[in-house]
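Novice: From the sequence below, what's the structure:
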Amino acid sequence: MKEFINIIKEHMQYGQQILKLAKADLVKTYRGAALGWTWAIIKPAVTIFVYWFAFSIGLRMPSQVSGFPYFLWLIAGVIPWFYMSDMITAGTDTIRKYSYLVTKMKFPVATIPTFVNLSKFMVHLILVGVMIIIFIIMGYPPDVYILQLPFYMLLMFLFFNAWSLFASLLSTMSKDFGNLVKSMVTAVFWLSGILWNPASIQIEWLRKLLMINPVTYLTTGFRNCFIDKVWFWEQPQRLLYFGIITLVLIIAAIWTYRRLKKEIPDVLG
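Specialist: Alright, predicted model coming up:
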């Protein structure tokens, strides 16, 4: 608990620097590209088109899911995945990427994943805005259920902030851990119901097991806002499972930080 309080104090003390570094990280991502910031939309758009073409045209998925066009059902799950996949991979490398902040400037290690997370989250907000516009253009304007969208986005931000701190610390000590995480991203993608509905699984124990997956919960949460029209309090068991996993991850991140924070500067140096 003492370490957790110290981390909170560091975030409050370096709040302005965190925001400035988040902005700098975002600018750095698209610096030098002729199209600049438009790549934040172009790249996801191309990926979504490929998924739509493969599943809707190639594999002939149903034209509608829960009364909505398959394309809308698809983007409601893929848009949050873009952010989550970035945080799974980029979040693992945050401390190594910004090692100079630790070795030369003595910047608090625990705050580094936060400004990288903020940077990715800004792009996510843009994509969510584009998604809402697409729903409106196609004749399916969001209704009152969209009011819970900030709740799911907050859960997503907190979960992957804890993940980024935990994973980046371990990745700093061992590159093998970072390589392992990157090799698992594809498996997480296909097992999390991004392109298919996990509720359609007939085997009950397997369906429940997959629903415990935090990525599945968050993806389903976004679809609850736009497609399925379900309030988060109507699925208390899933929320409880997600809360327990998040709490365990936070505890693991803090424990790892307490054990490794003195060694990190020497390893990076």
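
Novice: Can you name the element that comes right after the lowest-mean-pLDDT helix or strand in the chain?
Specialist: Ranked by mean pLDDT, DSSP states H and E, the weakest helix or strand in the chain is strand 64-65, scoring a mean of 72. Under the assignment DSSP states H and E, the closest C-terminal helix or strand after strand 64-65 is strand 68-69.

Novice: ok, residues contacting that next one?
Specialist: Contacts made with strand 68-69 from outside it, assessed by CB atoms under 8 Å, 6 or more residues apart in numbering, are listed as Ser63, Met138, Tyr140, Phe226, Ile227. To be clear about C-beta, it is placed using only N, CA and C from the backbone, and glycine gets the same treatment.

Novice: Tell me who's in contact with Trp163.
Specialist: Counting by CB under 8 Å, 6+ apart, Trp163 has contacts Met87, Ile88, Gly91, Leu249, Ala253.

Novice: can you tell me the helix or strand for it?
Specialist: Here Trp163 is assigned to helix 149-173, by DSSP H and E.

Novice: Could you list the buried residues of that helix?
Specialist: 149, 152-153, 155-157, 159-173 (16 or more other CB atoms under 10 Å).

Novice: Where does pLDDT dip in the stretch 51-200 of the chain?
Specialist: For the stretch 51-200 of the chain, the stretches with pLDDT under 70 are 56-63.

Novice: Now do the helices in it.
Specialist: 70-89, 94-97, 99-103, 112-137, 149-173, 175-191 (DSSP state H, counting those that start in this stretch).

Novice: right, and those - which one's nearest Val27?
Specialist: helix 112-137 (9.0 Å; CB to CB).

Novice: what's the angle from the closest one to helix 70-89?
Specialist: Counting by axes from the mean of the first three to the mean of the last three CA atoms, to 10 degrees, helix 112-137 points 170 degrees away from the direction of helix 70-89.

Novice: can you give me the angle helix 112-137 makes with helix 149-173?
Specialist: Using the same axes, to 10 degrees: helix 112-137 against helix 149-173 is 140 degrees.

Novice: Now do helix 112-137: distance to the chain's middle.
Specialist: Centroid separation for helix 112-137 versus its chain: 10 Å, with CA atoms, centre = their mean, to the nearest Å.

Novice: Which neighbouring elements make contact with that helix?
Specialist: Under the contact criterion of 3 or more CB pairs under 8 Å, 6 or more residues apart in numbering; DSSP states H and E, helix 112-137 touches helix 15-30, helix 39-52, helix 70-89, helix 94-97, helix 149-173.

Novice: Now tabulate the ones you listed in TSV and tack on distance to Val130.
Specialist: Shown next, in TSV, are the helices and strands packed on helix 112-137 (distance: least, CB to CB, whole Å):
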stretch	distance to Val130
helix 15-30	16
helix 39-52	6
helix 70-89	8
helix 94-97	26
helix 149-173	14
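
Novice: quick one: contacts of stretch 192-208?
Specialist: 51, 55, 65, 74, 77-78, 81, 210-211, 213, 215-216, 219-220.

Novice: Let me fix that, I meant to ask about stretch 116-133.
Specialist: With CB under 8 Å, 6+ apart, stretch 116-133 has contacts from 18-19, 22-23, 25-26, 29, 40-41, 44, 75-76, 79-80, 82-83, 86-87, 90-91, 94, 97-98, 142, 146, 149, 153, 157, 160-161, 164, 226.

Novice: Around Thr29, count how many other residues there are.
Specialist: 17 (other CB atoms under 10 Å).

Novice: Look up how far Arg96 lies from it.
Specialist: Thr29 is 16 Å from Arg96, where distance means CB to CB, to the nearest Å.

Novice: And Pro141, by the same measure?
Specialist: Applying CB to CB to Pro141 and Arg96 gives a distance of 44 Å.

Novice: Could you do Asn6 as well?
Specialist: In terms of CB to CB, Asn6 sits 23 Å off from Arg96.

Novice: Which strands or helices does the host helix or strand of Leu240 pack on?
Specialist: Element membership of Leu240, judged by DSSP H and E, is helix 236-260. Applying 3+ CB pairs under 8 Å, 6+ apart, we find helix 236-260 packed against helix 2-13, helix 149-173, helix 214-223.
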